[in-house]
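**Q** A predicted structure for the sequence below; I have some questions about it.
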Amino acid sequence: MKQRTIGGRTVSAIGLGGMPMSIEGRPDAGRSIATIHAALDAGVTLIDTADAYHRDAGEVGHNEELIAQALREYGPGAGDVLVATKGGHLRPGDGSWTVNGDPAHLKQAAKESARRLGVEAIGLYQFHRPDPRVPYADSVGAIRDLLDEGVILMAGISNATVHQIDEANEILGGRLASVQNQFSPSFRSSQGELEHCAELGIAFLPWSPLGGIAGAPALSARHTVFQEVADEVGVSVYQVTLAWELALAPVVVPIPGASRPESIRDSAAATDVTLTPEQISRLSAA
């Protein structure tokens, strides 16, 4: 497994997104744990989660607890895994997503996440989504305080604009470690943020890098050039997609979601795929 860097931490170039294991349509806990263990066996050392990754009311942190259980049961070797979690999103239990960027909420949410993960300090904590009712500086200020207090070891933001990246990095005193935005062949509006992160040396973590739970199965049909290149290389269209994203900048660390062992095994193998400059250009222009 090739490696990349988030802050001062070396992680696998492909991470595992935990959301599909805890929201609507989720598998049973046994298959989810098998998926996490398959990721670790494949060399994945970055797992992304959030306290809002749950389905029903009253089960906040479902995914965090699932990941903590899987890491405990895996035993030796799990200690090298960076678990990145997020706060600032909420799920009332009716299928909707809401936001809460209140500093007091974020500070309490981080401490609850640390408890569920069973850690003294969270490896990477990210502000999940801006709250239009709360000044962005106030929300990020809470993340800075958590960093200063040692509740978290690294700080990140998610669903951010270029301006918010600069604002957050200034508030954090140049310590912004990661930006997690949606990016895939179908969703490229974060290209500017990706390039900005590359200029600053900040890790860029594409979420739904294959198009998301609903979009991934249609990737080949929607983006035929990706399937053409996959046929040329002799690998899955998903591996080509992730390899293309990795080729865009050395700061890119895709975090494809998975709820089946075979899915994350396929994604992890993308780091072995080498695309030619001509293929990368074709994919970028598609």
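**A** Thanks, I have it.
**Q** do a quick rundown of the strands in the chain.
**A** 3-6, 9-12, 16-17, 46-48, 82-87, 89-90, 98-99, 124-127, 155-158, 176-182, 203-207 (DSSP state E).
**Q** so which helix or strand of this structure has the lowest pLDDT on average?
**A** Least confident element among the helices and strands of the chain, by mean pLDDT, DSSP states H and E: helix 212-215 (a mean of 90).
**Q** please list the outside residues in contact with it.
**A** Contact with helix 212-215 is made by 20, 25, 184, 186, 208, 222, 257, as judged by Cβ atoms under 8 Å, 6 or more residues apart in numbering. All C-beta atoms are positioned from the backbone trio N, CA, C, and that covers glycine.
**Q** closest one of those to Ala198?
**A** Among those, Ser184 lies closest to Ala198 (Cβ to Cβ), at 17.5 Å.
**Q** which residues does that closest one bridge with?
**A** Counting by DSSP bridges, Ser184 forms beta bridges with Phe187.
**Q** what residues are up against it?
**A** Listed by Cβ under 8 Å, 6+ apart, the contact partners of Ser184 are 206, 208-212, 215, 241.
**Q** closest to Glu228 among those?
**A** Of the contacts of Ser184, the one sitting nearest to Glu228 (Cβ to Cβ) turns out to be Thr241, at 12.5 Å.
**Q** re the thing from before, neighbour-wise, which of the contacts of helix 212-215 leads?
**A** Compared across these, Gly257 has the highest neighbour count, 25 neighbours, by other Cβ atoms under 10 Å.
**Q** my guess is it contacts Pro20. True?
**A** Yes - Gly257 is within contact range of Pro20, at 4.4 Å (criterion: Cβ atoms under 8 Å).
**Q** all helices of the stretch 101-250 of the chain, in order?
**A** For the stretch 101-250 of the chain, applying DSSP state H, counting those that start in this stretch gives helices covering 103-117, 136-149, 162-171, 191-200, 212-215, 219-222, 224-233, 237-248.
**Q** what are the buried residues along the longest one?
**A** Buried positions in helix 103-117, judged by neighbour count with 16 or more other Cβ atoms under 10 Å: 103, 105-107, 109-110, 113-114, 116-117.
**Q** and the nearest residue to Gln279 once chain neighbours are set aside, how far is that from Glu278?
**A** Leaving aside its sequence neighbours, Gln279 sits nearest to Val229 (Cβ to Cβ, 6 or more residues apart in numbering; 5.1 Å). According to Cβ to Cβ, to the nearest Å, Val229 stands 10 Å off from Glu278.
**Q** neighbours of the closest residue to Ile152 other than its chain neighbours, how many?
**A** Among residues not flanking Ile152 along the chain, Tyr125 sits closest, at 3.9 Å (Cβ to Cβ, 6+ apart). Using other Cβ under 10 Å, Tyr125 has 28 neighbouring residues.
**Q** for Tyr125, which residues are in contact?
**A** When contacts are taken as Cβ under 8 Å, 6+ apart, Tyr125 is in contact with 84-87, 110, 113, 143, 146, 151-152, 154-156.
**Q** before we move on, what about Leu117?
**A** Residues in contact with Leu117 (Cβ under 8 Å, 6+ apart) are 64, 67-68, 83, 85.
**Q** distance check, it against Val81.
**A** For Leu117, the distance to Val81 equals 11 Å [Cβ to Cβ].
**Q** same check, this time on Val134
**A** As judged by Cβ to Cβ, Val134 and Val81 stand 32 Å apart.
**Q** name the nearest residue to Ala52, sequence neighbours excluded.
**A** Nearest non-adjacent residue to Ala52 (Cβ to Cβ, 6+ apart): His89, at 3.8 Å.
**Q** is it true that the one you found touches Phe127?
**A** No - counting by Cβ under 8 Å, His89 stays clear of Phe127, with 9.6 Å between them.
**Q** picking up where we left off before, closest to Pro261 among the contacts of Tyr125?
**A** Closest approach between the contacts of Tyr125 and Pro261, by Cβ to Cβ: Ala84, at 21.1 Å.
**Q** for that closest one, name its beta-bridge partners.
**A** Ala84 has these beta-bridge partners by DSSP bridges: Asp48, Leu124.
**Q** neighbours around it, how many?
**A** So Ala84, with other Cβ under 10 Å, has 30 neighbours.
**Q** for the residue nearest to Leu200 when sequence neighbours are not counted, give its distance to Glu64.
**A** Once flanking residues are discounted, Leu200 sits nearest to Asn169: 7.0 Å by Cβ to Cβ, 6+ apart. Distance of Asn169 to Glu64, computed by Cβ to Cβ: 26 Å.
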